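Enquirer: Okay, structure incoming, though there's no sequence with it:
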């Protein structure tokens, strides 16, 4: 099946700094999604990308669907303490086939 | 927005017993629901896809006789872990896709299962 490589595995940053994480795949996807998961909770959708090359923002978050359809990145600008959590990328080819990256654990120091 | 609930939120059971987890879409109809398992500090792994009124489709390596899935209505899917063992202890998360939606899945809050 499709493998997603998400990096970095973890990040420790100072409040106010920008954050960048990405996912790559050996296979193409039709949809890329970025989720955030807090401890003991289910993932919450942050941004969904449906077209190659698409660049979408949601507040301080910006994500792009790579031209090759094999990668995506998520940027968080001016991080705040509540940005702490685990961020997952997910690629979807068909309706029923969503694969998740291993996650990026973000720690923000006040 | 679309809300998905899970019940219970956590459960502790003895080895050998069966545990049922419910997944409900509260304000929308979900033709398809998905069940994931997440071990500590790991990603979500799809276990099975559940379609209303038909048999679930299981991912490779997931035993269908151990993880029984029933999707009897457009708002409810259940996962029963039969004869649970300590290695089944995990965080189980469901998601639901709205019937009219092309791609987006809405996730439940998860159920923490601990088997003693």
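Expert: Received it, and whenever you're ready, just let me know what you need. Given the structure is predicted, the values throughout are model-derived calculations rather than measurements.
Enquirer: worst-scoring helix or strand of chain A, pLDDT-wise?
Expert: Counting by mean pLDDT, DSSP states H and E, chain A has its least confident helix or strand at strand A:98-100, which shows a mean of 89.
Enquirer: helix or strand right after that strand?
Expert: Under the assignment DSSP states H and E, the closest C-terminal helix or strand after strand A:98-100 is strand A:104-109.
Enquirer: What are the buried residues along that following strand?
Expert: Counting neighbours by 16 or more other CB atoms under 10 Å in any protein chain shown, one finds that the buried residues in strand A:104-109 are A:104-106, A:108. Using the backbone N, CA and C atoms, a C-beta is placed for each residue, glycine as well.
Enquirer: Can you name every helix or strand that it contacts?
Expert: In terms of contacts (3 or more CB pairs under 8 Å, 6 or more residues apart in numbering or on different chains; DSSP states H and E), strand A:104-109 is packed against strand A:10-14, strand A:85-92.
Enquirer: So for residue B:98, which of the ones you listed sits nearest?
Expert: Residue B:98 sits nearest to strand A:85-92 of all the helices and strands packed on strand A:104-109, at 14.9 Å, using CB to CB.
Enquirer: pLDDT on that closest one, on average?
Expert: Here strand A:85-92 scores 95 as its mean pLDDT.
Enquirer: gap between that strand and the chain center?
Expert: Distance of strand A:85-92 from its chain centroid, counting by CA atoms, centre = their mean, to the nearest Å, is 5 Å.
Enquirer: show me the contacts for the residue of chain A found nearest chain B.
Expert: Nearest residue of chain A to chain B, counting by CB to the nearest CB: residue A:42, 3.8 Å away. Shown in contact with residue A:42 (CB atoms under 8 Å, 6 or more residues apart in numbering or on different chains): B:4, B:6, B:93, B:95, B:107-110.
Enquirer: could you flag which of the residues you listed are buried?
Expert: Buried, going by 16+ other CB under 10 Å: B:4, B:6, B:93, B:95, B:107-110, out of the contacts of residue A:42.
Enquirer: Among those residues, which ones are in strands?
Expert: Those of the buried ones among the contacts of residue A:42 mapping onto strands are B:4, B:6, B:93, B:95, B:107, per DSSP state E.
Enquirer: Residue B:98 - how many residues pack around it?
Expert: Residues lying near residue B:98 (other CB atoms under 10 Å in any protein chain shown) number 18.
Enquirer: For chain B, which segments are assigned as helices?
Expert: Taking DSSP state H as the criterion, chain B carries no helices.
Enquirer: Turn the helices and strands packed on strand A:104-109 into TSV, including mean neighbour count.
Expert: Converted to TSV, the helices and strands packed on strand A:104-109 look like this (neighbours: other CB atoms under 10 Å in any protein chain shown):
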stretch	mean neighbour count
strand A:10-14	12
strand A:85-92	24
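Enquirer: Would you format the ones you listed as a markdown table with distance to chain B included?
Expert: Below are the helices and strands packed on strand A:104-109 laid out as a markdown table (distance: least, CB to the nearest CB, whole Å):
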| stretch | distance to chain B |
| --- | --- |
| strand A:10-14 | 10 |
| strand A:85-92 | 6 |
